[in-house]
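Asker: my questions are about this predicted structure, shown below with the sequence.
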Amino acid sequence: MKKRSTVSLLAALLTATTVFAGCSSDNSNTKNAADANTGTNTATNAPAETADAKGDYTDYSKGFPEKVNLDIPVYERAFEGWNVTDNYYTRWIQKEFGDKYNVKVNFVPITRSSEVTDFEQLLASHKAPDLIFHYDMPQAIAYYGEDVLQELDYNEVEYYAPTYWKNMSETINQYGKVDGKNIFLFAARPAVDNFTTLIRKDWVEKVGMKVEDLTSLEKYNELLAKWKAAGLGTGAETLKKNFFNFNYAFRDWPVDEKERALYSDLSVADLTTPATEKYLRNLNYQYNNGLIDKEFYLRDDDAKTKAEFVAGKTGTYALYLASNTDAIDATLKNDPKAEFAILPPGAGVPEGNKPQGRAYWPFGFIMGVNYESSPEERAALYMYLEWMSQPDNLFFLQNGVEGQNYTLDADGIAVKTADFSGESVLSQNNNKDYWALVTETIQYADPAVNRKANIRLWAPPGREALVEDLLKYYDETAEFRTPDALYSVVLEKVNEYKADLNSLFQELYIKCALAPVDQFDATYEAAKKTYLDAGYQEILDEKQAAIDAGKYN
């Protein structure tokens, strides 16, 4: 397993969301030693190690002469009955890739809801995987700032992973550099998204409204008030943590580029702008009028939020919709008359505003190589990306065994076998946590076929209309989705304060939400001051300096 230097450990302690126990500074037994006094990596991990003086790379196409341990992170989402480190597909990967190249593929579970904490703990205890990934650039930059990622030789990537490189080289060359160094690799991200919100259509109609009536936040609040009066339930709400994009619908349009760069940050919440004040004022209104889950601050993961929906306590549920999503069937067991629809995007938008949202960057996973991975482990990692980039291997991981998990239709689309529960059953998100290293979604060459495939991939049996609406709303709101700024320098103050501010934000925004209506203004003003004084002002100052220097795009 991997080791980490003392200096990098101290950096991790500053950024982790929990306090870790100290580790010995004696690195004499590390596989790839680092200078314990300076924290500087030795040359053993440099990309050139796999090349001779002419720049040629060692050919491992017939396998490594000595067994290589390749540690790959995989999200642990607590899917019932699913073992992320040992299942049909992890064993298949070992057989088809690992055994072929004399590589032992070890899957390292990373809790999806607390992934940064998990990675930091693994790094601090010298057990981090060869690949360090994240979906958002600010955190990826933070890992770079902690000095736990290797500088990469992109020619080496191309040598060991030519198919992967052909697919991703343009993106890697455009976005992979930090401080002029080659640091990141990426997975592809086609312009689609299956994140949406289900709403109980039968509840909507019971109070004399229609789903298509929900064209504004005001109409949505009216609906929630009618649900309350009818004794049906409330709207769902969850604890905001680790991912902060809650106030887009309350922002002005068109976007001010520099303001967007200053305040939009998935890793540090904005508490001080007019958009956040409007968001919190509405949340306070909903809470004080009993329109949302009264204990929303306890719903800190998907399982808890889903449980409220399934039990019929809430009438909305945000999720990544997939063909094997279990929320709908579970709800029907409790209420066989339940009906479902997609909540229109306008339902969260104040009248007069635009349905703004965060556009994804043109890549999925942002991936760096653990600075202590050996040259052989690094080569094995690139070979793994290459192997997974082969269409047949990728298709198998995404769909399973033909004739068991699926059959092929006339368009060549894999049609899932309903209620299949055999040994080769896919995870609840169609094994995405394995194949997301190379692409964010399943893709077919023909756009029309691809759209059909997405509907089948995301639609629970008989629920194709849900995905049709999801795609319709996605297309309708495309012009109002804009990406966050990408900074080309390390934001030291973000790394220093984000963990503490994340915790403080939860405390302060909940206090604002739960305050009596007549005390909201005073509570919010006090919260802003506390937040700014706790380090947020220093973050804004640092970002402004980077913006003024043009260190962002």
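Answerer: In hand now; what should we look at?
Asker: not counting its neighbours along the chain, what's nearest the most centrally placed residue in the chain?
Answerer: In the chain, the centroid-proximal residue (C-alpha atoms, centre = their mean) is Tyr135; its distance is 4.6 Å. Excluding its sequence neighbours, the residue lying closest to Tyr135 (C-beta to C-beta, 6 or more residues apart in numbering) is Phe365, at 6.5 Å. The C-beta positions use only the backbone N, C-alpha and C, and glycine is treated the same way.
Asker: end-to-end on stretch 259-274?
Answerer: Using C-alpha to C-alpha, to the nearest Å, one end of stretch 259-274 lies 12 Å from the other.
Asker: mind listing what's buried in the host helix or strand of Met388?
Answerer: For Met388, the enclosing helix or strand under DSSP states H and E is helix 375-389. Within helix 375-389, the residues that count as buried by 16 or more other C-beta atoms under 10 Å are 375-389.
Asker: next one: stretch 117-131
Answerer: In stretch 117-131, counting by 16+ other C-beta under 10 Å, buried: 117-126, 128-131.
Asker: could I get the residues you listed as JSON lines with distance to Lys452, secondary structure and pLDDT?
Answerer: Shown next, in JSON lines, are the buried residues of stretch 117-131 (distance: C-beta to C-beta, whole Å; DSSP: H, G, I helix; E, B strand; the rest coil; pLDDT from 0 to 100):
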{"residue": "Thr117", "distance to Lys452": "40", "secondary structure": "helix", "pLDDT": "94"}
{"residue": "Asp118", "distance to Lys452": "37", "secondary structure": "helix", "pLDDT": "97"}
{"residue": "Phe119", "distance to Lys452": "37", "secondary structure": "helix", "pLDDT": "98"}
{"residue": "Glu120", "distance to Lys452": "42", "secondary structure": "helix", "pLDDT": "96"}
{"residue": "Gln121", "distance to Lys452": "43", "secondary structure": "helix", "pLDDT": "97"}
{"residue": "Leu122", "distance to Lys452": "40", "secondary structure": "helix", "pLDDT": "98"}
{"residue": "Leu123", "distance to Lys452": "43", "secondary structure": "helix", "pLDDT": "97"}
{"residue": "Ala124", "distance to Lys452": "47", "secondary structure": "helix", "pLDDT": "97"}
{"residue": "Ser125", "distance to Lys452": "47", "secondary structure": "coil", "pLDDT": "97"}
{"residue": "His126", "distance to Lys452": "48", "secondary structure": "coil", "pLDDT": "94"}
{"residue": "Ala128", "distance to Lys452": "40", "secondary structure": "coil", "pLDDT": "98"}
{"residue": "Pro129", "distance to Lys452": "36", "secondary structure": "coil", "pLDDT": "98"}
{"residue": "Asp130", "distance to Lys452": "37", "secondary structure": "coil", "pLDDT": "98"}
{"residue": "Leu131", "distance to Lys452": "33", "secondary structure": "strand", "pLDDT": "98"}
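Asker: can you pull out the strands in the stretch 1-150 of the chain?
Answerer: With DSSP state E, counting those that start in this stretch as the criterion, the stretch 1-150 of the chain has strands at 68-76, 103-111, 131-134.
Asker: note down every partner strand of the second one and its orientation.
Answerer: Looking back up the chat, that one is strand 103-111. strand 68-76 (parallel) (DSSP bridges).
Asker: distance from the strand it pairs with to the middle of the chain?
Answerer: 17 Å (C-alpha atoms, centre = their mean, to the nearest Å).
Asker: got the CA positions of that strand in CSV?
Answerer: The C-alpha coordinates for strand 68-76 follow below in CSV (Å, rounded to 0.1, in the frame of the first residue of the first chain):
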residue,chain,number,x,y,z
VAL,A,68,2.1,-5.7,-9.5
ASN,A,69,-0.5,-4.6,-6.9
LEU,A,70,-2.8,-2.0,-8.5
ASP,A,71,-5.1,-0.3,-6.0
ILE,A,72,-8.2,1.3,-7.6
PRO,A,73,-10.7,3.4,-5.6
VAL,A,74,-14.4,2.6,-6.0
TYR,A,75,-17.3,4.4,-4.4
GLU,A,76,-19.1,2.6,-1.6
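Asker: quick one: mean pLDDT for that strand?
Answerer: Throughout strand 68-76, pLDDT has a mean value of 98.
Asker: how much space separates Ile110 from Asn87?
Answerer: 16 Å (C-beta to C-beta, to the nearest Å).
Asker: same question for Ile141.
Answerer: For Ile141 relative to Asn87 (C-beta to C-beta), the value is 33 Å.
Asker: compare those two (neighbour count), which wins?
Answerer: Ile141 (26 against 20; other C-beta atoms under 10 Å).
Asker: just give me the neighbour total for Gln479.
Answerer: Not quite, residue 479 is Glu, not Gln. Glu479: 11 neighbours (other C-beta under 10 Å).
Asker: no, scratch that, I was asking about Tyr473
Answerer: 17.
Asker: wait, it touches Ile342, no?
Answerer: Yes - counting by C-beta atoms under 8 Å, Ile342 is a contact partner of Tyr473 at 6.6 Å.
Asker: spit out the residues that contact the two alike.
Answerer: Common neighbours of Tyr473 and Ile342 (criterion: C-beta atoms under 8 Å, 6 or more residues apart in numbering): Thr196.
Asker: where in the stretch 51-200 of the chain is pLDDT low?
Answerer: 51-55 (pLDDT under 70).
Asker: now the helices for it?
Answerer: Listed in chain order, the helices found in the stretch 51-200 of the chain under DSSP state H, counting those that start in this stretch are 88-93, 99-101, 115-124, 137-145, 154-160, 162-175.
Asker: so which elements touch the shortest one?
Answerer: So the one you mean is helix 99-101. If you count contacts as 3 or more C-beta pairs under 8 Å, 6 or more residues apart in numbering; DSSP states H and E, helix 99-101 packs onto no helix or strand.
Asker: what residues does it touch?
Answerer: Contacts for helix 99-101 (C-beta under 8 Å, 6+ apart): Tyr60, Gly63, Phe64, Val68, Ala380, Met383.
Asker: would you list every one of the strands in the stretch 351-500 of the chain?
Answerer: Taking DSSP E, counting those that start in this stretch as the test, the strands found in the stretch 351-500 of the chain are 357-358, 366-369, 406-408, 414-416, 481-482.
Asker: out of these, which gets the lowest mean score?
Answerer: Averaging pLDDT over each of those puts strand 414-416 lowest, since it has a mean of 89.
Asker: I'd say Gln380 and Asp71 touch.
Answerer: Actually, residue 380 is Ala. It isn't Gln. No - between Ala380 and Asp71 there is no contact under C-beta under 8 Å: 10.0 Å.
Asker: tell me the one of the contacts of helix 99-101 nearest Ala303?
Answerer: Distance to Ala303, by C-beta to C-beta, is smallest for Ala380 among the contacts of helix 99-101, at 34.5 Å.
Asker: show me what contacts the closest one?
Answerer: Contacts here follow C-beta under 8 Å, 6+ apart; on that basis Ala380 touches Tyr60, Phe64, Val68, Leu70, Tyr101, Val103, Asp130.
Asker: redo that, cut-off 6 Å
Answerer: Val68, Leu70, Val103 (C-beta atoms under 6 Å, 6 or more residues apart in numbering).
Asker: residues near Lys67, how many?
Answerer: Residues near Lys67, counting by other C-beta under 10 Å: 12.
Asker: next, it: phi, psi?
Answerer: phi -60, psi 130 (degrees, to the nearest 10).
Asker: isn't it up against Asn102?
Answerer: Yes - at 5.3 Å, Lys67 counts as touching Asn102 under the criterion of C-beta atoms under 6 Å.
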